[in-house]
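Participant: what follows is a predicted structure for the sequence shown.
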Amino acid sequence: MSFIVCALILFSQFSQSNDVFLPQWMTPEESLRVDEIGKGHVVTAPPDCWVVTPGEFEPLQGIFVTWRYGTYNSIFREIVREVVEVSKAFIIARNGSEQSSITSYLNSGGVPLDSVEFYIYDNNSIWMRDYGPWFMRKQDDAEGITDFQYNRPRPQDDTIPWRIGQTWGIPVFGSPLEHPGGNYMVDGLGVGFASNLIYQENTGYSASEIDSLMYEYSGLDTLVVMQRINIEYTGHIDLWTKSLNDTLVMVGEYEPGHSNYNLLNQHADSIERCKNGEGFNFRVVRMPMPWSTSDAPPSYLNSLFVNKKILVPLWSEPEDDTALFIYEQVLPGYDVVGINCSAMSGSGGAIHCITMQIPSDRFIHIRHTRLPDTNDTLNPYRVRARITTSSNLQTDSTRVFYRVNHGSYSSVLLSTVVDTPGVYAGYIPAQSGGDTVEYYLLAKNTESIRRTSPMHVPPQIYRFIVTGNPGTSEQQSRSPVRIVCTSANPTSTVLSFALDLSEQTGVRIDVFNALGQNVGTLVNDHYAAGTHSVTWRFNDNTGNALPNGAYFYRVSTGSRVQTGKVLYIR
């Protein structure tokens, strides 16, 4: 609550209202006030647990817009018209008079108001995507809001997430990163995308520090950063790429000869080489971009998911019909709705830029790292997952389904891991050398929400091969050096490693904090062949207890190096 009070005190210092339209880019007058960027922003400690940020394509309860009456009225009305058919529209207005004007305008256009809700918050601009709240789910199954610093000197806008958090009773976690929402896209499984604008606007942090902060505040295990496109002013990724689901990404495509033709082809290739949070390669579909050399070009990728609808900006360009056709082909089962955004030409944005999604409050998220191929033919294979849910899981519903060599599926129960809330584990029985094991996870809660991991079963399925030969002993089949982090993640106690060595080996294990500083060298010695364990209690090299946070370990054995990340929460 103290953070909310602090934010609102700051808000009151900048509460002068104005009627000047502010574009998405920084105006010449604002460029003289860059020292005011962040004055309405409050930085807090990150959540003291692991979190997950849902994808925009996941089920929603509604959409936020900041509607400054008189600015793009017809576009806002068409957005609200489509939204209220399948969810709620939450409209931010500056005062009661503006609310009345918007209400009358919606009524005159035949838009029903039973799914419209207003909030009176002062604001500077309409660009809700860039300053709005990023909803996430926490380990304790509760919702939270991540608030990034807005990259414009617009302090009233920068407090909107805090206003929403106070109104809805949701905790807000203020990230120290300057990071507009138009430059942020996630797969809902721990992988995010941004342009290198995130580096340009956060020069006080290294790339690894930015990665760590995105993990702590937003639950990203991987942040993929790509070069911003040429000419375009904002540097935002949402003008040339779009996550259509957890494995399908749309990337813009200019005609040959355009300065972004080769660059966007390179980005499409790069994305196809990346894996999502479940270990599957992203697939890419291309979308024609209207030829433009403007620094605010039109784009069909600045679209908005609203449950089983997608709202697509149209520009009265020859490519409009092609854009709608491509969306219809790649999103079967969706209602593809075009909205004429010609009035926004040259403004720097479109539908996505003036909206912010609110994920459904009924959910299950499963985070699982797929099992690798193994030589082990003697021991069962541990399947571990982090699960967040909006209600209790149904009894005996959380299971691993597996089959061997394309046979029939069997299942085993996933049980809670003692002293590790939200973490579940189960065991697939040991199999013979040469067997192929396919499996997936299933969870259901008492709100009748069903979720699998992988997210789409079939065609997606986890698979590993038992490479050992029948009858091979564990000693014969193991690699010369096998070092595994055996701690829970997150952990509240220790960081531990199991060493399985078939020959004498030099081992060094170092731990680093989010700033890249070495805070502990666990071992630096030679170990005889056999099994060994290493345990560290999160004390630095002088014996002092370390604070909560993300830590990175590096295990070096001769020429081999393996790294990992663990979240420590006491």
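Facilitator: Looks like it came in fine.

Participant: where does the stretch 101-250 of the chain have low pLDDT?
Facilitator: Along the stretch 101-250 of the chain, no part satisfies pLDDT under 70.

Participant: can you give me the strands for it?
Facilitator: Taking DSSP state E, counting those that start in this stretch as the criterion, the stretch 101-250 of the chain contains strands spanning 116-120, 134-138, 143-149, 172-178, 185-186, 191-195, 222-226, 241-243, 248-253.

Participant: pipe those into TSV and attach distance to Gly468 and mean neighbour count per row.
Facilitator: The way it works is simple: take the backbone N, C-alpha and C, and place the C-beta from them, glycine included. Converted to TSV, these look like this (distance: least, CB to CB, whole Å; neighbours: other CB atoms under 10 Å):
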stretch	distance to Gly468	mean neighbour count
strand 116-120	60	15
strand 134-138	39	22
strand 143-149	44	24
strand 172-178	46	21
strand 185-186	38	22
strand 191-195	32	24
strand 222-226	31	18
strand 241-243	39	25
strand 248-253	36	20
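
Participant: can the ones you listed go into JSON lines with extra columns for distance to Thr27?
Facilitator: Shown next, in JSON lines, are the strands of the stretch 101-250 of the chain (distance: least, CB to CB, whole Å):
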{"stretch": "strand 116-120", "distance to Thr27": "25"}
{"stretch": "strand 134-138", "distance to Thr27": "25"}
{"stretch": "strand 143-149", "distance to Thr27": "19"}
{"stretch": "strand 172-178", "distance to Thr27": "18"}
{"stretch": "strand 185-186", "distance to Thr27": "26"}
{"stretch": "strand 191-195", "distance to Thr27": "22"}
{"stretch": "strand 222-226", "distance to Thr27": "27"}
{"stretch": "strand 241-243", "distance to Thr27": "27"}
{"stretch": "strand 248-253", "distance to Thr27": "26"}
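
Participant: and the closest residue in space to Glu98 that isn't next to it in sequence, what are its phi and psi?
Facilitator: Distances taken as CB to CB, 6 or more residues apart in numbering place Tyr69 nearest to Glu98, at 4.9 Å, with adjacent residues excluded. Main-chain torsions, Tyr69, degrees, to the nearest 10: phi -60, psi 130.

Participant: and for Tyr69, the neighbour number?
Facilitator: 17 (other CB atoms under 10 Å).

Participant: so that it lines up with my notes, have the first residue be 326 from now on.
Facilitator: Fine by me, first position is 326 from now on; the one you just mentioned is Tyr394.

Participant: and it, how close does it get to Ile753?
Facilitator: 59 Å (CB to CB, to the nearest Å).

Participant: do the same with Met551
Facilitator: Plainly put, Met551 is 37 Å away from Ile753 if you go by CB to CB.

Participant: which intervals of this structure have sub-threshold pLDDT?
Facilitator: Using pLDDT under 70, the chain drops low at 326-343, 794-807, 811-813, 884, 895.

Participant: quickly list the domain ranges of it.
Facilitator: 327-684, 689-790, 804-893 (automatic domain parsing).

Participant: buried sites along stretch 367-378?
Facilitator: Within stretch 367-378, the residues that qualify as buried are 367, 369, 371-378, counting by 16 or more other CB atoms under 10 Å.

Participant: now the helices for the stretch 676-825 of the chain?
Facilitator: Assigned by DSSP state H, counting those that start in this stretch, the stretch 676-825 of the chain shows helices spanning 799-802.

Participant: can you map out the strands along the stretch 776-895 of the chain?
Facilitator: Under DSSP E, counting those that start in this stretch, the stretch 776-895 of the chain gives strands at 787-790, 806-810, 820-826, 830-837, 843-852, 855-861, 874-882, 885-893.

Participant: include mean neighbour count and distance to Val725 when you put those strands into TSV, please.
Facilitator: What follows is the strands of the stretch 776-895 of the chain, written out as TSV (neighbours: other CB atoms under 10 Å; distance: least, CB to CB, whole Å):
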stretch	mean neighbour count	distance to Val725
strand 787-790	17	9
strand 806-810	17	20
strand 820-826	19	23
strand 830-837	19	31
strand 843-852	14	32
strand 855-861	14	27
strand 874-882	19	28
strand 885-893	16	23
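
Participant: quick check: which of the ones you listed is nearest to Tyr509?
Facilitator: Closest approach to Tyr509 among those is made by strand 874-882 (19.2 Å; CB to CB).

Participant: and the contacts of the closest one?
Facilitator: Outside strand 874-882, the residues that touch it by CB atoms under 8 Å, 6 or more residues apart in numbering are 371, 533, 537, 540-541, 806, 808, 810, 820, 822, 830-839, 844, 863, 886-893.

Participant: strand partners of that strand, parallel vs antiparallel please.
Facilitator: Counting by DSSP bridges, the strands paired with strand 874-882 are strand 830-837 (antiparallel), strand 885-893 (antiparallel).

Participant: if I pick Ser584, what's in contact with it?
Facilitator: So Ser584 contacts 555-556, 618 (CB under 8 Å, 6+ apart).

Participant: got the phi/psi numbers for the nearest residue to Ser543 once chain neighbours are set aside?
Facilitator: Distances taken as CB to CB, 6+ apart put Thr378 closest to Ser543, at 4.8 Å, once the chain neighbours are dropped. Dihedral pair for Thr378: phi -100, psi 120, per degrees, to the nearest 10.

Participant: okay, Thr369 and Ser595: tell me how far apart.
Facilitator: On the measure of CB to CB, Thr369 and Ser595 end up 34 Å apart.
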